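Colleague: need coordinates for the following:
(2 chains, ligands or ions: 3)
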Amino acid sequence: MQVSITVNGEQRTDEVEPRLLLAHYLREVCGLKATNIGCDTTSCGACTVVVDGLSVKSCTVLAVQAAGAQVTTLEGLAGADGELHPVQKAFREEHGLQCGFCTPGMVMASVGLLAANPDPTDREVREGLEGNLCRCTGYHNIVRAVRSAAQAGPAAGRVPGAQEVQA
Amino acid sequence: MIPSPFEYVRVGSVEEALAALAEHGEDAKVLAGGHSLLPLMKLRLAVPEVLVDISGIPGMSYVRVEGDGADAVVAIGAGTRHHELERDEVARAEVPLLPHVAGLVGDPQVRHRGTIGGTTAHSDPASDLPTALLALGGTVVLQGPGGRREVPVTEFWTGFFETAMSPDELVVELRVPRTGTLGWGYEKFTRRANDWPIVAAAAVDGRVALANMGGTVLRATATEEALAAGAPIAEAAALADQGTSPVADMHADADYRRHLARLLTRRALETAAGA
Ligand SMILES: Cc1cc2nc3c(=O)[nH]c(=O)nc-3n(C[C@H](O)[C@H](O)[C@H](O)COP(=O)(O)OP(=O)(O)OC[C@H]3O[C@@H](n4cnc5c(N)ncnc54)[C@H](O)[C@@H]3O)c2cc1C
Ligand code: FES
Ligand code: FES
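Modeller: Ligands and ions are numbered 1, 2, ... in the order given. Okay, the predicted model is just below:
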């Protein structure tokens, strides 16, 4: 069936099978490969994207359920001039990643977290990211990165082009 | 993991949803947040031929007080997502147990999708919100071809993934008594942050409900009777596992679950009593 979805600010219409998962739609139909599939069982958060302002695990959403929605992936965060989003900058500066597999999901979940809570404590960051697993970092630098991104102000909790994150 | 093929129908009203369910019968399944159904479909443990997506029906997400005084109840729309309930001001003031428990379900991404109607209809004995609803009392409002009916929560969950609802009906609302400033407690035991409860206990107004202690969420009736007869909390809580039939799995054996039920019941009752 036909779906129209706005992906990273660009509206597109595609013919999809109803059973196509949003994660597969983004990777295979849109060619956006930042969204990783780690567990495929809603556990790891690697596939997290922002849909209409809320972080969701795209391995557990059908593409057809996102019809009419605004979807933002990691590729949609940086500005048109290549300027990194405050959360991306902070992950780089604070070494919030090692192998990088969990990072797209961590960054998208962090944007959602900062929208709901612009200046979280360490504990609030840990609880806000409880749906995202990282096998490498031990989380300390991820927590530091999110707290440092918060210093950039409200921009850290926003996705460009699309509507504001409301989580 | 990819679900087997199905037809997808997005409906715009409760009437359209009921018509689609009547047309497709047992082959159809309702899709709300999809956070119980889609994981099962990916594992091919559920293979519906038609999915009726009700998430686009307007006006299914709300929390409001209806009626006055002692008869007042809090009505919650079946489409209310866990994160909406968690932050809802009316719910926080009128039945604070529910938004608290909504905030303990899964993780933020799960709470952004899952609905109270979905978790109610799903009837997993390990689910948090049904445990809280069972402790609160109240009713599940169903709508079907013959109109609306209300089923008391004590009669709604009849078995593992089984309820008193028929396949041509929808859960449209949950109705719970307002508890206002009455004390309440909720204790959820997990090994990892975003897990389902290994066991959980909810206590409010002399009632206690348990998660994952049998085929459905259930009431700790022996504890409730002891409390009503004036027993101290510690003594009443020691009876919490009476009449339950917990399973053994990789997280806990049955004896450990019984221990948890007694311990968590005591803690929940102490919190409710402000002790
Ligand atoms: C990783 C993960 C962790 C989770 N952790 C927890 C947890 O800690 N505690 C907990 O309690 N839950 C947990 N859940 C489950 C979560 O709460 C689900 O959202 C909820 O159980 C189902 O709600 P849903 O709206 O997603 O329903 P769906 O998955 O859409 O539907 C579930 C079932 O209910 C039926 N249904 C849905 N809505 C209606 C309706 N209005 N009328 C009639 N039938 C309907 C469907 O046909 C289906 O059979 C978790 C889920 C995941 C994926
Ligand atoms: S791939 Fe979606 S949560 Fe792990
Ligand atoms: S950086 Fe390797 S999984 Fe997180």
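Colleague: how about the helices in chain B?
Modeller: B:14-24, B:37-42, B:82-87, B:89-94, B:97-102, B:108-113, B:116-122, B:128-136, B:153-156, B:221-228, B:233-237, B:254-272 (DSSP state H).
Colleague: now do the residue most central in space within chain A against ligand 2, distance only.
Modeller: When Cα atoms, centre = their mean is applied to chain A, the residue found nearest the centroid is A:Met108 (2.3 Å). As defined by Cβ to the nearest ligand atom, to the nearest Å, A:Met108 lies at a distance of 12 Å from ligand 2. (Glycine included, C-beta is placed from N, CA and C.)
Colleague: which SS class is that residue?
Modeller: With DSSP: H, G, I helix; E, B strand; the rest coil as the basis, A:Met108 sits in helix.
Colleague: excluding chain neighbours, what is closest to it?
Modeller: Distances taken as Cβ to Cβ, 6 or more residues apart in numbering or on different chains put A:Thr48 closest to A:Met108, at 4.5 Å, once the chain neighbours are dropped.
Colleague: so who does A:Gly46 touch?
Modeller: I think there's a mix-up here, since residue A:46 is Ala and not Gly. A:Thr35, A:Asn36, A:Ile37, A:Gly38, A:Cys39, A:Phe101, A:Cys102, A:Pro104, A:Gly105, A:Asn132, A:Leu133 (Cβ atoms under 8 Å, 6 or more residues apart in numbering or on different chains).
Colleague: how near is the third one to A:Thr13?
Modeller: From A:Ile37 over to A:Thr13 the distance is 24 Å, taken as Cβ to Cβ, to the nearest Å.
Colleague: buried sites along stretch B:162-169?
Modeller: The neighbour-count check on stretch B:162-169 (16 or more other Cβ atoms under 10 Å in any protein chain shown) flags B:Thr163, B:Met165, B:Asp168, B:Glu169 as buried.
Colleague: dump those to CSV, plus distance to A:Glu127.
Modeller: Shown next, in CSV, are those (distance: Cβ to Cβ, whole Å):
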residue, distance to A:Glu127
B:Thr163, 32
B:Met165, 34
B:Asp168, 41
B:Glu169, 37
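Colleague: and those residues, which two are furthest apart?
Modeller: Of all pairs drawn from the buried residues of stretch B:162-169, the widest gap by Cβ to Cβ lies between B:Thr163 and B:Asp168 and measures 13.3 Å.
Colleague: quick one: the strands in chain A, in order.
Modeller: Secondary structure of chain A (DSSP state E): strands at A:2-7, A:10-15, A:48-51, A:54-57, A:70-72.
Colleague: among the buried residues of stretch B:162-169, which are within reach of chain A?
Modeller: When contact is defined as Cβ under 8 Å from any Cβ of the partner chain, those do not meet chain A at all.
Colleague: what about chain B, any weak spots by pLDDT?
Modeller: Counting by pLDDT under 70, chain B contains no low-confidence range.
Colleague: again, but for chain A
Modeller: Looking at chain A by pLDDT under 70, you get A:161-167.
Colleague: would you mind listing what in chain B touches chain A?
Modeller: Counting by Cβ under 8 Å from any Cβ, the residues of chain B near chain A are B:1-8, B:10, B:31, B:34-35, B:38-39, B:42, B:51, B:53, B:55, B:83, B:106-110, B:112-113, B:193-194.
Colleague: measure stretch B:127-143 end to end?
Modeller: The first and final residues of stretch B:127-143 sit 23 Å from each other (Cα to Cα, to the nearest Å).
Colleague: list the contacts of the residue lying closest to B:Pro5 once chain neighbours are set aside.
Modeller: In space, B:Pro5 comes closest to A:Arg19 once its chain neighbours are excluded; the distance is 5.7 Å by Cβ to Cβ, 6+ apart. Taking Cβ under 8 Å, 6+ apart as the criterion, A:Arg19 is in contact with A:Leu62, B:Ile2, B:Pro3, B:Ser4, B:Pro5, B:Phe6.
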